[in-house]
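Visitor: Pasting a predicted model and its sequence here:
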Amino acid sequence: MLKRYRVGRASLREALRILEVHGLIVIRAGPGGGPMVAPVQSRDFARMTSLYAHLLTATYGDVLAARLVMEPVMARLAAERQEVDQLAQLQEFIVPPAAPIDDATYQRSAQNFHDVLSGLSGNPVLDFLGQALKDIYTHRFEHTVYPPEARGKIADDHAAIAETIVAGDAKRSELLMREHMLEFAAFYQASNPGVLDEVVDWR
């Protein structure tokens, strides 16, 4: 690499360090190791986005408000596209599990619904940005979980949204997702008074 790019060892080391910090490469040690291209992950983009949000004094409420705009649009686009292979991913949410589940399992399942939806719009920029925004506020609210008595309503909401997307009802998919996200925002505001007014922390 030193010969190819005609740079000094210190410059190359610094360049690789910057790429590693941004999650674009990983440095593997040992024989056959060295810099390797890393898989693209939204959490790396979220880390940098959180820095710019912090410098803009954007709040977690601002991040959530952006998500309130984006998720309904992604639901509508998913219903319009009707990509069969991708829509199959929503089937698990149409019939939610009947048995009670622990907090961690519930949290993963609920987040997975939004993760799946974030990949169905057909627009990679929209999907990636939406996922990164979710990563930012999920990191801040990672210990906030819906109480057991409220989880049935959330599962029913996810099922209804999934059904309308699979059915290709774009208008209703967008409406139901907007209502769901508004309830989601209200819950987080009530559960974490004042937190939505906090400036996003660079992490």
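Guide: Right, received. Where do you want to start? Computed from a predicted structure; not experimentally measured.
Visitor: Tell me how this structure divides into domains.
Guide: What automatic domain parsing lists as the domains of the chain is 2-37, 42-197.
Visitor: Nearest residue to the residue nearest the centre of the chain in space, please, no chain neighbours.
Guide: The centroid of the chain falls nearest to Gln131 when counting by Cα atoms, centre = their mean (2.7 Å). Of all residues not flanking Gln131 in the chain, Ser42 sits nearest, at 3.9 Å (Cβ to Cβ, 6 or more residues apart in numbering). Just so you know, the C-beta spots here come from the backbone N, C-alpha and C atoms, and that holds for glycine as well.
Visitor: Might one say that that neighbour is in contact with Ile136?
Guide: No. The pair Ser42 / Ile136 is not scored as a contact, 9.7 Å apart, by Cβ atoms under 8 Å.
Visitor: Looking at those two, which has the bigger crowd around it?
Guide: Under the criterion of other Cβ atoms under 10 Å, the comparison of Ser42 against Ile136 puts Ile136 first, with 26 against 21.
Visitor: Show me which positions of the host helix or strand of that one end up buried.
Guide: According to DSSP states H and E, Ile136 maps onto helix 124-140. Neighbour-count burial for helix 124-140 flags 127-140 (criterion: 16 or more other Cβ atoms under 10 Å).
Visitor: and the domains of the chain, which is most packed in?
Guide: Stretch with highest mean neighbour count among the domains of the chain: domain 42-197 (a mean of 17; mean count of other Cβ atoms under 10 Å).
Visitor: so how far is that domain from its chain's centroid?
Guide: 7 Å (Cα atoms, centre = their mean, to the nearest Å).
Visitor: could you give the mean pLDDT of it?
Guide: Domain 42-197 carries an average pLDDT of 86.
Visitor: Which residue is the nearest non-sequential neighbour of Leu176?
Guide: In this structure, Leu176 finds its nearest non-sequential neighbour in Ile161, 4.9 Å apart by Cβ to Cβ, 6+ apart.
Visitor: Pop out the phi and psi values for the one you found.
Guide: Backbone torsions for Ile161, taken as degrees, to the nearest 10, come to phi -60, psi -50.
Visitor: Contact partners for it?
Guide: If you count contacts by Cβ atoms under 8 Å, 6 or more residues apart in numbering, Ile161 has them with Ala75, Phe93, Leu117, Ser173, Leu176, Met177, His180.
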